[in-house]
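Engineer: I'd like to go over a predicted model; first the sequence, then the structure.
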Amino acid sequence: MTSPPDDLLSIGETSRRTGTAVSALRYYEDLGLIASVRTSGNHRLYARHMLRRISLISIAKTLGIPLKSVQDAFSTVPLDRAPTHKEWQVASRRWKRELEERRRGIERLENELTSCIGCGCLSLKACALLNPDDTLGTTGQGARRLSGIADADTPSP
């Protein structure tokens, strides 16, 4: 027999079922990633359908995906009731596009690192990861070349 998705679980049971620390559950709730209801004694109870959200948060965290990305991905998934299959599909399609973009960025970095480290030249002129004369400094802060943010007109090294 399956339990209804709106069955309520204590914070301890939710922690045990998901492997997520109680403090993390409170933090995720503070961020609006998950929601609980309170008993008259102010104890948190989580709907069983929160287990899926918490599990996805844990997986994302393990993969180094920022909680802000998870928050954005879940923005259309209701907290106050069990999401429909369609609501999960919409959210997962949107998140999948973001994850694919992240994967492409990681692959670009991996390829650049492999060619840079693999060639052994240690040349400041030939390395595609370098930024001679700080030409990318005018396009903003942070890593620019591999993020795809640099303008197409930016001279390559």
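Structural biologist: Perfect, I can see it now.

Engineer: how about the residue nearest in space to the middle of the chain, secondary structure?
Structural biologist: For the chain, the residue nearest the mean C-alpha position is Ile65 (3.1 Å; Cα atoms, centre = their mean). The three-state label given to Ile65 by DSSP: H, G, I helix; E, B strand; the rest coil is coil.

Engineer: isn't it right up against Arg102?
Structural biologist: Yes. Ile65 lies in contact with Arg102 (Cβ atoms under 8 Å); the separation is 7.4 Å. The C-beta positions use only the backbone N, C-alpha and C, and glycine is treated the same way.

Engineer: how much space between Glu98 and Thr20?
Structural biologist: Glu98 is 22 Å from Thr20, where distance means Cβ to Cβ, to the nearest Å.

Engineer: Comparing the two, which shows the higher neighbour count?
Structural biologist: For Glu98 versus Thr20, the count of surrounding residues by other Cβ atoms under 10 Å is larger for Thr20: 20 against 13.

Engineer: Could you break the chain into its assigned domains?
Structural biologist: The chain breaks down by automatic domain parsing into domains covering 1-65, 84-148.

Engineer: Redo those domains as TSV? Include mean pLDDT and distance to Phe74.
Structural biologist: Shown next, in TSV, are the domains of the chain (pLDDT from 0 to 100; distance: least, Cβ to Cβ, whole Å):
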stretch	mean pLDDT	distance to Phe74
domain 1-65	91	6
domain 84-148	73	6
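
Engineer: Quick check: which of those domains is buried the most?
Structural biologist: domain 1-65 (a mean of 15; mean count of other Cβ atoms under 10 Å).

Engineer: And that one, how far out from the chain middle?
Structural biologist: 17 Å (Cα atoms, centre = their mean, to the nearest Å).

Engineer: And stretch 84-91, by the same measure?
Structural biologist: The answer for stretch 84-91 is 18 Å, by Cα atoms, centre = their mean.

Engineer: ok, residues contacting that stretch?
Structural biologist: 73-78, 83 (Cβ atoms under 8 Å, 6 or more residues apart in numbering).
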